[in-house]
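1. Give me a model of this one.
(one chain, ligands or ions: 1)
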Amino acid sequence: MPHDELLTIASTIALRAGELAKKRRTEGIEVAATKSSPVDIVTEADRETEALIRSLLMDARPDDGFFGEESGADPGSSGLTWIVDPIDGTVNYLYGIPHYAVSIAVVEGEPDPLTWSALAGVVINPVTTELFTATLGGGAALGGAAIHVAESVDLSQALVATGFSYDSATRAEQGAVIAGLLSMVRDIRRMGTASLDICFVASGRTNAYFERGLSPWDHAAGTLIAREAGATVAGLDGGAPSRDFILAAHPAVALELERAIRALAL
Ligand code: IPD
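-> Numbering: from 1, shown residues only. Below you'll find the model as predicted:
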């Protein structure tokens with residue numbers, strides 16, 4: 001199936017899922033369970049939104065695989081797999097901060113970010129209705145208009161976004177990196193939704209984003225969107241992004257920032 005048709009499926013389903021998440025938020029929500037640590041939470045809305053996405057995707061593409069944050073992996077037979085974060089930014093969502101997203105990507109190959117090739121991806125903030133999209137080789141867009149990474153800037157002029165792991169030992173190390181980096185850049189942002197952090201690099205709203213401990217569903221769609229917008233999105237030493245490390249930025253800014261982070265910690 002052509003990539004733009006895959007994107008249409010992803011966008012249509014992401015819009016419906018976003019509407020459901022937004023509706024559930026107005027009805028009041030509670031933490032349903034904790035996951036990897038006491039601060040890693042899931043709400044019933046996360047589960048319900050993922051169930052909706054899964055059933056709509058399986059109706060549209062019954063032979064494809066599915067890999068979702070809340071319900072895990074289900075291999076298909078077509079060679080394509082849908083990578084889904086039903087509500088990225090669950091903590092923002094819980095607190096009523098209108099900055100969370102539905103993220104859906106379709107990838108070819110094993111559902112492993114070290115080897116997969118993303119074909120189409122969509123990230124939507126249901127509250128602002130901003131819709132970031134991309135297809136492999138087809139460019140990236142925000143609401144249908146092409147987007148591009150910001151021009152290269154010196155690190156001292158860079159607005160850098162980051163995120164924190166749910167693991168407390170990793171958080172302590174991340175805090176130390178931020179303490180060192182803060183005086184080297186224009187400023188730091190911790191907005192709480194990794195998929196949107198990456199899309200903000202893609203659209204030039206920030207100069208860079210980096211994080212450790214990120215899961216595949218948090219960055220599958222965003223990585224394609226940012227790359228199609230001209231950004232480098234990489235892990236350590238220019239490898240594929242992984243749980244160890246992800247950095248998205250204009251290629252020249254990425255080099256400088258990785259060097260600075262390495263000197264501080266890695
Ligand atoms: C989290 C958010 C956050 C990032 C965490 C992610 P979730 O995703 O994207 O910004 O810092 O690493 O786990 O748990 O809200 O889907």
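2. Just want the phi and psi numbers for Pro113.
-> phi -60, psi -20 (degrees, to the nearest 10).
3. can you count the residues close to the nearest residue to it once chain neighbours are set aside?
-> Leaving aside its sequence neighbours, Pro113 sits nearest to Pro216 (C-beta to C-beta, 6 or more residues apart in numbering; 4.8 Å). C-beta coordinates here come from the backbone N, C-alpha and C atoms, glycine included. Pro216: 22 surrounding residues under other C-beta atoms under 10 Å.
4. And Gly138, by the same measure?
-> Gly138: 16 neighbours (other C-beta under 10 Å).
5. pretty sure it contacts Glu5?
-> No: taking C-beta atoms under 8 Å as the definition, Gly138 is not a contact partner of Glu5, at 11.6 Å.
6. For the ligand, what's the nearest residue on this protein?
-> Gly163 (2.5 Å; C-beta to the nearest ligand atom).
7. Pretty sure that residue sits against Ser215.
-> No: the criterion here is C-beta under 8 Å, and Gly163 misses it with Ser215 at 11.1 Å.
8. And the nearest residue in space to Gly230 that is not next to it in sequence, its phi and psi?
-> Beyond its immediate neighbours in the sequence, the residue positioned closest to Gly230 (C-beta to C-beta, 6+ apart) is Val149, lying 4.5 Å away. Dihedral pair for Val149: phi -60, psi 150, per degrees, to the nearest 10.
9. Tell me which residues touch Val149, please.
-> With contacts defined as C-beta atoms under 8 Å, 6 or more residues apart in numbering, Val149 is in contact with Val201, Ala202, Gly204, Ala226, Ala229, Gly230, Ala231, Ala249, His250.
10. what's the answer for Ala141, then?
-> Per C-beta under 8 Å, 6+ apart, neighbours of Ala141: Phe132, Thr133, Ala134, Ile147.
11. swap in Glu44?
-> Contacts of Glu44 (C-beta under 8 Å, 6+ apart): Arg24, Ile29, Glu30, Ala32.
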